[in-house]
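Asks: Structure, please.
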Amino acid sequence: HRVIERVAKKRPGQHVLAQLADTVDRLPTQIAEALEQVFERPQAFDSAADIATAAEVTLSTLYRSLRSVGFRSPKRILIAARVLRAHTYMREPGHSVTMVADKLGYSNPRILARHTYLTLGIKPRHLRRRMSDEAVVGRLVEWIYDTNAAD
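Replies: Next comes the predicted model:
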C-alpha cells in the first residue's frame with residue numbers, strides 16, 4: 001500500500017519536472033535539486049526562503065537564477081507543486097478538500113481553493129474529474145512561466 005501511494009504521489013510531480021527539465025537543467029545543481037524536493041514534498045516548503053535554504057543559496061540568488069531561466073517566481077513553483085499534489089490526493093476516494101488542505105500544510109482550505117482557481121481556473125473539488133493529469137500538468141507548467149498573470 002505504501003509503495004503504491006509513493007508511486008502515485010511522485011508521478012505527476014515527475015511529469016511537471018520532465019516538462020520543465022530543459023529549464024531546470026540550466027539552473028545551478030543545488031537549486032535544481034531543491035526544486036525536485038519541492039515537487040516531492042510540497043508541504044515541507046512554506047516560502048521562497050525555504051527553497052533557498054534547501055538549495056543553500058541566498059534568497060536573491062534563488063530569485064535571480066529562476067528569473068534567468070524564465071520562471072516567474074519561487075512562490076509560483078510552490079503553489080504549482082501544492083496544487084499538483086492536491087490534484088493527486090483529490091483523485092483518491094475519501095479525501096475532502098479540508099483533509100487535502102490540511103495534508104499540504106494550508107492554514108485554511110480557502111487558500112487551497114484560491115490557489116487551485118488561480119492556477120487551473122477550477123475549484124478543488126473539481127480536481128476529482130474535471131481535468132486529466134496531462135491537462136493539470138500542462139496548465140501548471142504554463143502558469144509557472146506565465147508573464148501575463150499577476151503574482
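Asks: Number of residues surrounding residue 108?
Replies: 11 (other CB atoms under 10 Å). In short, each C-beta sits where N, CA and C put it, glycine included.
Asks: Any idea how many residues pack against the nearest residue to it once chain neighbours are set aside?
Replies: Spatial nearest neighbour of residue 108, excluding adjacent residues (CB to CB, 6 or more residues apart in numbering): residue 101 at 7.1 Å. Using other CB under 10 Å, the number of residues around residue 101 comes to 23.
Asks: just the one 10 residues further on next, same as before
Replies: Neighbour count for residue 111, taken as other CB under 10 Å: 15.
Asks: ditto for residue 47
Replies: 12.
Asks: Check the nearest residue to residue 46 once chain neighbours are set aside and give its pLDDT.
Replies: Counting by CB to CB, 6+ apart, residue 46 lies nearest to residue 105, which is 6.9 Å off, once chain neighbours are set aside. If you check residue 105, the pLDDT there is 92.
Asks: Residue 112 versus residue 105, what's the distance?
Replies: 10 Å (CB to CB, to the nearest Å).
Asks: Touching, the residue nearest to residue 46 and residue 43? I think so.
Replies: Yes - assessed by CB atoms under 8 Å, residue 105 is found in contact with residue 43 at 4.2 Å.
Asks: Which residue lies nearest the spatial centre of this structure?
Replies: residue 81 (1.0 Å; CA atoms, centre = their mean).
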